[in-house]
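> using only what follows, build the 3D model:
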Amino acid sequence: MRRRSFNNYLKIQHVGSLRRLRPAIRAQSATRQVLSALWRYPLKPKARQALLRPLDHPQALKSRAQVDDAIDCVLGLGLHPHKGAEKNWDFLAAFSAILQRHRPQDVVLDFGSGLRSVILEWLHLYGYRHLHASDLNVIPRREGWIRYTQQDLEQTTYPDAFADVITCLSVVEHGVNTTRMLAEASRVLRPNGLLLLSTDYWCEALDLKSVYDELGPVYIFSSDMLHAQLIAPASQFGLRVIGTPDLTCGDPVVERPQVPSIHQRYTFYFLAYERMTNEANHLTSMR
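Here you go, the predicted model:
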């Protein structure tokens with residue numbers, strides 16, 4: 001009963017988002033909207049397909065139009081949007097990659113979830129029941145099917161081959177040792193499992209000395225650093241980057257008015273890895 005109530009809570013959150021982000025909706029009865037949400041979502045596979053946005057190769061967010069499209073898709077899917085408008089682009093990409101596996105029985109683990117895991121709440125609404133969130137600052141608890149535990153993502157207590165999918169969205173730029181993170185993700189993933197990762201990005205290196213935000217020193221990956229730290233080392237840990245990376249930039253669309261030195265100076269980057277089988281890993285290491 002508590003898990004069903006949590007699912008209904010997530011649906012009602014969506015109604016609040018609709019009324020806030022689409023003014024025309026406000027004229028409609030809030031009660032009718034709530035009842036509609038409780039019965040309508042999650043969308044059936046055929047209806048949801050047109051709203052998913054999987055990415056077939058590593059790439060950067062390049063335009064405001066992509067942000068607006070992502071928000072429209074998130075709302076159309078009946079999900080509560082991420083409070084950072086631009087974050088809906090990479091969160092939707094991760095959500096789409098997971099749903100297109102058509103495996104709601106998958107164990108999904110969110111590395112660096114923050115106090116609440118947006119991606120796991122979305123998956124909860126779409127029938128996923130094996131959901132785990134970890135973060136250094138999280139309060140250990142269970143909400144619906146989501147189990148939160150306090151963990152260091154560079155060295156977790158999860159057993160080997162525990163998860164089918166790991167998400168790590170806008171986390172590694174906050175002082176994470178990427179070598180240790182990739183090694184830990186590889187250990188925890190099952191063969192053919194997915195690691196879905198996003199981070200702050202700009203093609204050219206930015207001068208960020210003495211730049212801080214609410215989480216500490218600001219770090220934005222340049223194309224060289226992203227390739228050196230997140231792409232080139234992957235095979236050492238039994239991970240295969242899916243698709244050919246596109247390291248080009250478009251517009252610096254991320255808005256951070258509270259940190260003027262980086263406001264509209266960078267974007268986000270998204271990439272996916274597959275955990276290779278032991279046989280495939282052995283062949284890769286011989287090349």
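> ranges for the strands of the protein?
Along the chain, counting by DSSP state E, strands occupy 59-60, 107-111, 130-135, 141-143, 146-150, 163-169, 189-201, 212-213, 216-217, 239-241, 267-275.
> can you put these in CSV and add distance to residue 37 and mean pLDDT?
C-beta: built from backbone N, CA, C; applies to glycine. Shown next, in CSV, are the strands of the chain (distance: least, C-beta to C-beta, whole Å; pLDDT from 0 to 100):
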stretch, distance to residue 37, mean pLDDT
strand 59-60, 33, 98
strand 107-111, 23, 98
strand 130-135, 21, 98
strand 141-143, 19, 96
strand 146-150, 20, 98
strand 163-169, 25, 98
strand 189-201, 27, 98
strand 212-213, 34, 88
strand 216-217, 38, 89
strand 239-241, 38, 98
strand 267-275, 28, 98
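> can you list these in CSV and add mean neighbour count and distance to residue 19?
Converted to CSV, the strands of the chain look like this (neighbours: other C-beta atoms under 10 Å; distance: least, C-beta to C-beta, whole Å):
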stretch, mean neighbour count, distance to residue 19
strand 59-60, 24, 32
strand 107-111, 27, 28
strand 130-135, 22, 27
strand 141-143, 14, 24
strand 146-150, 18, 25
strand 163-169, 25, 26
strand 189-201, 23, 28
strand 212-213, 12, 30
strand 216-217, 11, 35
strand 239-241, 20, 41
strand 267-275, 24, 27
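> closest one to residue 256 among those?
Taking C-beta to C-beta, strand 212-213 is the member of those nearest to residue 256, at 7.3 Å.
> before we move on, the earlier item: of the strands of the chain, which is nearest residue 31?
Closest to residue 31 of the strands of the chain is strand 141-143 (C-beta to C-beta; 25.4 Å).
> got a list of contacts for the closest one?
If you take C-beta atoms under 8 Å, 6 or more residues apart in numbering as the criterion, strand 141-143 is touched by 6, 148.
> partner strands of it, with direction?
strand 146-150 (antiparallel) (DSSP bridges).
> could you chop this protein up by domain?
Here the domain parsing of the chain from automatic domain parsing is 1-41, 47-286.
> in terms of mean pLDDT, which of these ranks lowest?
Per-segment mean pLDDT for the domains of the chain reaches its minimum on domain 1-41, at a mean of 76.
> helices or strands next to the lengthiest helix in the chain in the packing?
Using DSSP state H to define each element, the chain has its longest helix at helix 2-21. If you count contacts as 3 or more C-beta pairs under 8 Å, 6 or more residues apart in numbering; DSSP states H and E, helix 2-21 packs onto helix 30-40, helix 64-76, helix 118-125.
> how about the first one: buried residues?
This points to helix 30-40. Under the neighbour-count criterion of 16 or more other C-beta atoms under 10 Å, helix 30-40 has 33-34, 37 buried.
> quick revisit: mind giving me CSV with the helices and strands packed on helix 2-21 and columns for distance to residue 167?
CSV is the format used below for these (distance: least, C-beta to C-beta, whole Å):
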stretch, distance to residue 167
helix 30-40, 25
helix 64-76, 16
helix 118-125, 5
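> among those helices, which is nearest residue 91?
Checking the helices and strands packed on helix 2-21 against residue 91 by C-beta to C-beta gives helix 118-125 as the closest, at 5.7 Å.
> the closest one vs strand 130-135, what angle?
With axes from the mean of the first three to the mean of the last three C-alpha atoms, to 10 degrees applied, the angle from helix 118-125 to strand 130-135 works out at 160 degrees.
> and helix 118-125, what's buried?
Neighbour-count burial for helix 118-125, counted by 16+ other C-beta under 10 Å, picks out 118-125.
> relative to residue 246, which of those residues is nearest.
Taking the buried residues of helix 118-125 together and measuring to residue 246 by C-beta to C-beta, the closest member is residue 119, at 23.1 Å.
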